[in-house]
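Asker: model the following, please.
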Amino acid sequence: MKKIDKEKKRYFIIVLIRSLLIIFGLLLWEYKATNGSYNPVFTSYPSAIFKDLIVFFSSGELAKHASITLTEVFWGLFLGSLIGITFAIIFGYFSFIGEVLTPIISGFSCIPQLALAPVYVLWFGLGLTSKIFLAGLMVFFNVFSSTYGAIKSMDKGILESANLLGAGHFQTLRTVVIPSCMPWILSGIRGGVSAALVGAIIGEYIGSKGGFGWMITYSTSYFNISRVMSCIVILLFVGLGLNKVLDIMEQKLLVWRTVTSLRMENLKNQD
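Answerer: All right, here's what the predicted structure looks like:
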């Protein structure tokens, strides 16, 4: 009971300090912008951004552009994660294929996707397909490398034990491989969240009919920095929301995992 109360108190202190830091930063930003310390044309300020968010929402443009960008992000994240995990499992079972293709995938992942974004737009057009492809590709690299690395690092004794107990390939995959690799899979997906957002926005920068990337480019050309910052704030909350979903998934799927600290006194306290 004391341990639970201590954890609640610690969580409350962390949230309080975090909230105070954010509030202090916003107030300092507002003060510096409004008292003439610098030209707010380049960064806007919190109250102006809040007013623009209201206008953005009431005009209906927010819903329109959000639906475009979020569709690209979600499909890119889903398809990139699914294909990345599938390829990692196939390469794990067929090591020869993995040895042949992994260096090719690694080499292709080293190419800045910003340089290839115009090519994807040329291939797939200005619609959603080119942005989903770019976002999914960037997610794929994150999830594949994380999952494949986890599979290659698995203890062979666990797989041999499952085989001796009569488990088939699919049963071993479902009950041993995926649960063992789940922390690394979720870590790759977590990195894929930001990759999907970056991929979608980059694609909209290059050529698009709408979306937050298009809106940022359009607003910048007219020096409407408040609208630019409004889009950035919305993307920030989208990223936070997706990461919160992953946090909940980790709590549900990784109930066996213990939280550790490198400080010895913290380890003693946990014992």
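Asker: mind listing what's buried in stretch 236-246?
Answerer: Neighbour-count burial for stretch 236-246 flags 238, 242, 246 (criterion: 16 or more other Cβ atoms under 10 Å). (C-beta placed from N, C-alpha, C; glycine too.)
Asker: for the residues you listed, which one is nearest residue 124?
Answerer: Lowest distance from residue 124 to the buried residues of stretch 236-246 (Cβ to Cβ) belongs to residue 238, with 23.1 Å.
Asker: which elements pack onto the host helix or strand of that closest one?
Answerer: Following DSSP states H and E, one finds residue 238 within helix 225-253. Contacts defined by 3 or more Cβ pairs under 8 Å, 6 or more residues apart in numbering; DSSP states H and E place helix 225-253 against helix 46-58, helix 61-93, helix 178-206, helix 212-221.
Asker: how about stretch 88-105: buried residues?
Answerer: Going by neighbour count (16+ other Cβ under 10 Å), the buried part of stretch 88-105 is 88, 89, 91, 92, 98, 102, 105.
Asker: how about CSV for these, with pLDDT and distance to residue 59 added?
Answerer: Formatted as CSV, the buried residues of stretch 88-105 follow (pLDDT from 0 to 100; distance: Cβ to Cβ, whole Å):
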residue, pLDDT, distance to residue 59
88, 91, 44
89, 89, 46
91, 89, 49
92, 85, 50
98, 84, 51
102, 87, 49
105, 89, 44
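Asker: which of the buried residues of stretch 236-246 has the weakest pLDDT?
Answerer: In terms of pLDDT, the lowest of the buried residues of stretch 236-246 is residue 246, showing 86.
Asker: quick one, what contacts it?
Answerer: With contacts defined as Cβ atoms under 8 Å, 6 or more residues apart in numbering, residue 246 is in contact with 186, 189, 190, 193.
Asker: OK, contacts around the second one?
Answerer: In other words, residue 189. Neighbour list for residue 189: 77, 81, 139, 142, 143, 246 [criterion: Cβ under 8 Å, 6+ apart].
Asker: what is the distance between the helix or strand harbouring residue 107 and the centre of its chain?
Answerer: Per DSSP H and E, residue 107 falls inside helix 95-109. Relative to its parent chain, helix 95-109 has a centroid offset of 24 Å by Cα atoms, centre = their mean, to the nearest Å.
Asker: closest one to residue 114 out of the contacts of residue 246, please.
Answerer: Closest to residue 114, out of all of these and judged by Cβ to Cβ, is residue 193, at 18.5 Å.
Asker: re the thing from before, mind giving me the packing neighbours of the helix holding residue 107?
Answerer: helix 61-93, helix 128-152.
Asker: what do you get if the cut-off is 7 Å, keeping everything else the same?
Answerer: helix 61-93 (3 or more Cβ pairs under 7 Å, 6 or more residues apart in numbering; DSSP states H and E).
Asker: so what's residue 176 closest to, chain neighbours aside?
Answerer: Distances taken as Cβ to Cβ, 6 or more residues apart in numbering place residue 162 nearest to residue 176, at 5.0 Å, with adjacent residues excluded.
Asker: and the one you found, how close does it get to residue 105?
Answerer: As judged by Cβ to Cβ, to the nearest Å, residue 162 and residue 105 stand 28 Å apart.
Asker: same question for residue 204.
Answerer: Applying Cβ to Cβ, the value for residue 204 to residue 105 is 26 Å.
Asker: for residue 118, same thing?
Answerer: Taken as Cβ to Cβ, the span from residue 118 to residue 105 is 22 Å.
Asker: again, but for residue 91
Answerer: 9 Å.
Asker: likewise residue 41?
Answerer: Taking Cβ to Cβ, one finds residue 41 at 44 Å from residue 105.
Asker: equivalent analysis for residue 197, please.
Answerer: Taken as Cβ to Cβ, the span from residue 197 to residue 105 is 22 Å.
Asker: how is this protein partitioned into domains?
Answerer: For the chain, the structural domains run 1-38, 45-270, going by automatic domain parsing.
Asker: buried deepest among those domains, which one?
Answerer: domain 45-270 (a mean of 17; mean count of other Cβ atoms under 10 Å).
Asker: quick one, what contacts the residue sitting nearest the centre point of the chain?
Answerer: For the chain, residue 193 is the residue whose C-alpha lies nearest the centre (Cα atoms, centre = their mean; 1.7 Å). Going by Cβ atoms under 7 Å, 6 or more residues apart in numbering, residue 193 touches 77, 239, 242, 243.
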